[in-house]
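1. have a look at this prediction, sequence included:
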Amino acid sequence: MRKSMKLGLGAVLALTVGAGAALADNIKIAYIDPLSGPFASTGSNGLTQYQFAAERLVNEAGGVLDGQMFEIVPFDNKVSPKESLIQLQVAIDQGIRYIAQGNSSGVAHALTEAIDKHNRRNPDSRVLFLNYSAVDPALTNDDCNFWHFRFDANADIKMDALTDVIAKNDAIKKVYVIGQDYSFGKAVAAATVRFLGEKRPDIEIVGNELHPIGKVKDFTPYARKIVAAESDAVITGNWGADMLNLGKSLVENDFAGPVYTYYAAGSGITAAIGESGKGTIRLVAQGQINPPPSEEAAEYYRAFEAKYPDGNVDQSRITNVIGMLAEAIKTAGSATDVVAVGKALEGMEYDDLWGGKVYMRPQDHQLIQDVHIHVHTDEGLTFDYDKSGFGVLVEDTIEMAGMDSPTTCKMKRP
Amino acid sequence: MDLILVNLIDGLVTGLLLFMLSAGLTLIFSMMGVLNFAHASFYMLGAYFAYQVSVYLGFWMGLLIAPPAVGLVGAMIERYGLRRVHQYGHVPELIFTFGLALLIEEAVQFIWGKDQIAYNIPEVLQFTAFSIAGNSIPAYKVFMIFISVAIFLALLFVLTRTRVGMIIQAALSYPRTVEALGHNVPLIFMGVFGVGTGLAGVAGVIAGPVLSTFPGMAVVLGSIVFVTIVIGGLGSLWGALVASLLIGWITTFAKSYNLRMEDLLTGIGFSRPEPIWDSAWADLWTLTSPQIADILPYLLMILILAFRPYGLFGKRDV
Amino acid sequence: MTEPDQKHTPPPARTPVRARPAPVTLANALPWILGGLFLLAMPFIFQSNSAITIMNQMAITIIFALSYNMLLGQGGMLSFGHAVYMGVGGFLCVHIMNWGDVFALMPLPVLPVFGGVFGMGLALIVGSFSTRKAGTIFAMISLGVGELIAACSVIIVAFFGGEEGISGDRTYGLPFFGVEFLHQIEVYYLTAFWLMLSALLMFLFSRTPIGRMANAVRDNPERAEFLGYSARWVRFYSFVAAGFFAGIAGGLFAINYEILTEENLNLATSGQILLVTFLGGVGFFFGPILGAILFTLLQTVLSLQTEIWQLYVGVLFLATVMYFPGGLAGVLMMHALPLRLGQAGLLVGPYIRTLVPAVVCALGAASAMEILFHLRHAALGESEMTLFWITFDSHAPLPLAIAAVAAVAGFWLARRSAPAMAEAWHKASTPHGGAA
């Protein structure tokens, strides 16, 4: 009885796991990100952006090499490192050679290490890791490897750009740093102290603190402290509900200065902040949406909105992932030889759809690109987020941010 | 000094909100002996229902309609789900509510999606009520305090001064006798469950706009509600009130004042290791009170359970 | 419901009442031998790496669920923080992996022992105050301890590594008869060995006097006290043993994934193992095994098929609590008696008449959910969807109507024939009931 049970279930397992091996001609990219659970909104939003970019940038142009199409295969990792590793194995077994992931640096750490080990242990089925969003600096410093490519500016580069802007603003004399109590929040705090100390030693950091991640129900006490410290600006790396609640609390308690954030846009946050954060909330990110840098970009955005009226292009770097991968496959002349594709990606210069050039720095596989400071507003927008009438508008741009930033990466190349 | 007053008010708001949840939970527990793990999910349902109503009829109708709707859902779940599981004993009941919490979260995501939703404070309340030394107290907070206090008084009145309240109190201690007197005890159970979940619904309606409405909001608040009623003493309404306010103030003050472990350790005679980041105890030395503010209630609960298992005001064992 | 008392212990064995170990007979040993052979054979049936990865995950979940059932099923202790003991054991094992000098002298297969000992150590500390009472007080303490340790994991970076956790490399251990554990298949056999060993040990534990007394204390602590047993110490021993085996599972997790994170400690993981154990059935030793297999399949395979898989799991779980509190194992064991009486044949007809409509109902309801979900969340202009190998337009009313009709009709038919099925079961379970 027990045995037949196991056998029956086993057959199901064999069926489903084997099912992916059909359609062999497509170049498949495994998208391993949360599609269920609390972070699913970011995950499913990213998936539609990948699918749209693959369709529009590659497949409509006739594919790459001899007409091979890009196909995005979604895998739900529930932002769990363990699930990600299982799904990675399933993806590799389906013959997939490219892994895209971005939500949570914790998962990115798990994946990059697992991929490094896998590629060492199984040279026949090596894979590349296209990290489009996890910004922990360590991934391109101490923990770098040849298989990992990061397409977002890392936390240090963003902070470098942000402090450039703050340094120009003489009205800012006091800064408050607050973040979630984990590696990323700590990295943001450390970078703030370091860069501000170099660029504007006269600025006083009146507060530098961490709060438990995802556990704080009411940010009012923090907002009170920030107001009481008479700070002129707030810097935070918070995301998700922690970002939204902190922003709301600050505005509610009459904090008027700029709140510099990493993740206060899209996924419902823009709509939920709405009128209250107008002109206060700032966002440091790559990719210029408003005003659209070119007619081509505007056209792309309109087509996306027509297809996904509920979605946002809030991770515009995804077009770079797809575009640069297609270029690299063309240069390498093969989609299966990931070492050649990886070498083609190294040092590649590419015209960003969102204006400017981008450059994949070969020393550490960090994409160097323009970083913008956006403001949350409802004026002068061409495209809004969350159908709310509000969106982000570029205020300031640092070109090729972090081009000469140091790296501790010692990469071993195959 | 002024800041202390402001923090007292902030803590009061948090505490009263917690009380609205824990009052219903402790009422349900004392009546049915069930710890309703899904209680915070009803709080979430309250926020979502009110949002849906407010889209069409405005915030005030939401406040009026959503809590009874949540209570009705709660009563139906008691009638058709919990009552069935009741016969198997308390552990399956607890497990049932645990599964219910998962299911409600999934259902909310299915219907309203996974994003934050734009459920906001009504415009009439978007002003500053008064300020204390430059710290403004928004009118909405004052409104929250009034609603919670009104509900507490109403609850106290119903339980101690009305016939229904008498029957409920009697059913708490002697369900069989009450049944023998001709009262419909299962109906009372259903009613209490409905009212308890309805109270959680009220909390959701008024907290949704400030604490933001998203599918994870039940999880954020979930276990802290148990902690409250365990600290207060299971089944005790006064205990729930005291514990809620205690937790509200502890967390608020811990966040407001940067008490540092370093000061404490040097105070009792340890010397700071240099450089700090190489020390094995670095994590301990750099600890600050805001870092641990929201986990202090758990520590408090474990201490209480280990030394005074019936809580601050409880009369019987958990 | 036609459910035998769900609290009853594994089938009242033919062992004498005095807790003398049963003699090892072929009948006793047969399930274990078959199980072992089965584990040996599995990789030859499923050769792909992902299948082996999933089987490894299953094995770890089985050990963890069996350890959890030592508390819930055998001891009557509902824990909301059992993940902590597995996680902490796993973390220690990764630290040992990173401790190059020591690890280079240690063959990998002994590593889980250290996880077990460490998990047991933590259980000793926590158990010393949490096992004084069972019931709600135990549940609440376990919840508090679980939340505290999970929260500490991002604060105490030195041991838990913060949010990204800590990772190691299993291949740096002393080669074990030349095997370096580079490949999944080698890890599979290591995991399978530990699965057999721990399952056997846990089974034997349930047959020791302490294991027997745990059942007595669960059912009636006062009476056990009168018999001269301290209910508290009996609970304490079970708790510590459960901590040990959870730690073993943690060690295997460390070997498999080579990384441990906050996820291994948090409330979600603790809640999940409760779900797994209860789905499988807490009343029987092999219940959690079934639960672990089923849940791992749902989690890794169903989640690839549908985005709303957690909704289905939630419904399945609630249905189990409401209608089959004995879990999957309980349902299976309901048929032991008819089988022994040779009257299982009586059940075939009624089962077909009820279960076929029930399956239709479930599939219809699931299809309706999928269509509604697609309607709400799919891209504009993408109205085509594929369900059960049929592609259709999700915006047309017809498919939804068909699904709804299937669900309602299936429900009605199943409900109508359910009493007959229950009656047939009673008949089949009564000696000579069918004939007389």
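-> Yes, it's here.
2. buried stuff in the helix or strand encompassing B:G62?
-> Element membership of B:G62, judged by DSSP states H and E, is helix B:59-77. Buried residues in helix B:59-77, counted by 16 or more other C-beta atoms under 10 Å in any protein chain shown: B:59, B:62-63, B:65-67, B:69-71, B:73-75, B:77. (C-beta placed from N, C-alpha, C; glycine too.)
3. cool, stretch C:105-119 as well?
-> Neighbour-count burial for stretch C:105-119 [16+ other C-beta under 10 Å]: C:106, C:108-109, C:111-119.
4. what is the nearest of these to A:T331?
-> Among the buried residues of stretch C:105-119, C:L108 lies closest to A:T331 (C-beta to C-beta), at 41.8 Å.
5. tell me how many other residues crowd the nearest residue to that closest one once chain neighbours are set aside.
-> Of all residues not flanking C:L108 in the chain, C:G173 sits nearest, at 4.1 Å (C-beta to C-beta, 6 or more residues apart in numbering or on different chains). C:G173: 23 surrounding residues under other C-beta atoms under 10 Å in any protein chain shown.
6. domain assignment for the chain?
-> Picking chain A for this. A:2-153+A:314-368, A:156-290+A:370-398 (automatic domain parsing).
7. not quite, I wanted chain C
-> Domain ranges of chain C: C:31-328, C:338-429, per automatic domain parsing.
8. for chain A, what is the nearest residue in chain C?
-> C:E163 (3.6 Å; C-beta to the nearest C-beta).
9. contacts only, for that residue.
-> If you count contacts by C-beta atoms under 8 Å, 6 or more residues apart in numbering or on different chains, C:E163 has them with A:105-106, A:182-184, A:213, C:154, C:261-262.
10. out of those residues, which comes closest to A:A303?
-> Once C-beta to C-beta is applied, the member of the contacts of C:E163 that ends up nearest A:A303 is A:S105, at 31.6 Å.
11. report how many residues lie close to that closest one.
-> Neighbour tally, A:S105, other C-beta under 10 Å: 24.
12. quick check: closest non-adjacent residue to it.
-> A:D136 (3.6 Å).
13. touching, that neighbour and A:F184? I think so.
-> Yes - shown here, A:D136 and A:F184 form a contact pair, counting by C-beta atoms under 8 Å, at 5.8 Å.
14. residues in contact with C:S50?
-> Contacts of C:S50 by C-beta under 8 Å, 6+ apart are A:17, A:86, A:89-90, A:92-94.
15. separation between it and C:T261?
-> Distance check for C:S50 against C:T261: by C-beta to C-beta, to the nearest Å, it reads 21 Å.
16. check A:P221 too.
-> Counting by C-beta to C-beta - A:P221 and C:T261 are separated by 29 Å.
17. go on, C:W425?
-> To C:T261, C:W425 is 46 Å away according to C-beta to C-beta.
18. neighbour-wise, which of these two wins?
-> C:T261 (29 against 19).
19. ok so, going back, out of the buried residues of helix B:59-77, who's nearest chain A?
-> Distances from chain A to the buried residues of helix B:59-77, taken by C-beta to the nearest C-beta, are shortest for B:F59, at 14.7 Å.
20. which residues does the residue lying closest to C:E186 once chain neighbours are set aside form beta bridges with?
-> Among residues not flanking C:E186 along the chain, C:V179 sits closest, at 5.3 Å (C-beta to C-beta, 6+ apart). C:V179 has the following beta-bridge partners by DSSP bridges: C:F176.
21. if we can go back for a sec, what touches both of A:D136 and A:F184?
-> A:105, A:155.
22. related to what we said a few turns ago, tell me who's in contact with the residue lying closest to the residue of chain C closest to chain A once chain neighbours are set aside.
-> Among residues not flanking C:E163 along the chain, A:Y182 sits closest, at 3.6 Å (C-beta to C-beta, 6+ apart). Going by C-beta under 8 Å, 6+ apart, A:Y182 touches A:213, C:154, C:162-163.
23. tell me if stretch A:187-203 is near chain B.
-> No - judged by C-beta under 8 Å from any C-beta of the partner chain, stretch A:187-203 stays clear of chain B, getting no closer than 10.6 Å.
24. that stretch near chain C at all?
-> No - using C-beta under 8 Å from any C-beta, stretch A:187-203 never reaches chain C; the gap is at least 10.5 Å.
25. about what we covered before: would TSV of the contacts of A:Y182 with pLDDT and secondary structure be doable?
-> TSV is the format used below for the contacts of A:Y182 (pLDDT from 0 to 100; DSSP: H, G, I helix; E, B strand; the rest coil):
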residue	pLDDT	secondary structure
A:I213	75	coil
C:V154	77	helix
C:G162	76	helix
C:E163	73	helix
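26. which members of these are the farthest-apart pair?
-> A:I213 and C:G162 (10.2 Å).
27. point out the residues in the stretch 201-318 of chain B that sit beside chain C.
-> Proximity of the stretch 201-318 of chain B to chain C (C-beta under 8 Å from any C-beta) is limited to residues B:223, B:226-227, B:230, B:234, B:280, B:282-283, B:287, B:291-292, B:295, B:298-299, B:301-302, B:305-306, B:309, B:317-318.
28. so which helix or strand takes in residue 119?
-> If you meant another chain, say so; for now it's chain A. A:N119 belongs to helix A:105-121, assigned by DSSP H and E.
29. not quite, go with chain C.
-> C:G119 belongs to helix C:111-130, assigned by DSSP H and E.
30. B:K255 too?
-> Assigned by DSSP H and E, B:K255 falls in helix B:237-256.
31. do A:E395 as well
-> Per DSSP H and E: strand A:391-398 holds A:E395.
32. what does A:H376 give?
-> Secondary structure assignment for A:H376, by DSSP H and E: strand A:371-377.
33. which residues does that strand contact?
-> With contacts defined as C-beta under 8 Å, 6+ apart, strand A:371-377 is touched by A:153, A:157-158, A:161-162, A:165, A:260, A:264-265, A:270, A:273, A:277-288, A:290, A:390-398, A:401-402.
34. at 7 Å what do you get?
-> The contact list for strand A:371-377 (C-beta atoms under 7 Å, 6 or more residues apart in numbering or on different chains) reads A:153, A:157-158, A:161-162, A:165, A:264, A:270, A:273, A:277-279, A:281-286, A:288, A:390, A:392-398, A:401.
35. identify the residues contacting residue 199.
-> No chain was given, so I picked chain A. Neighbouring residues of A:K199 by C-beta under 7 Å, 6+ apart: A:163, A:167.
36. that answer is for a different chain, and I need it for chain C
-> C:L66.
37. state the distance from it to chain B.
-> 24 Å (C-beta to the nearest C-beta, to the nearest Å).
38. need the residues of the stretch 51-200 of chain A near chain C, please.
-> Contact residues (C-beta under 7 Å from any C-beta of the partner chain) of the stretch 51-200 of chain A with chain C: A:75-76, A:80-82, A:85-86, A:89-90, A:92-93, A:105-106, A:109-110, A:113, A:117, A:121, A:181-183.
39. wait, what's in contact with the residue in the stretch 51-200 of chain A that chain B sits nearest to?
-> Nearest residue of the stretch 51-200 of chain A to chain B (C-beta to the nearest C-beta) works out as A:D181 at 5.6 Å. Neighbouring residues of A:D181 by C-beta under 7 Å, 6+ apart: A:210-213, B:291, C:154-155.
40. C:F411 and C:L316, how far apart?
-> 16 Å.
41. which of the contacts of C:E163 lies closest to A:G311?
-> Nearest to A:G311 among those: A:S105, at 23.9 Å, using C-beta to C-beta.
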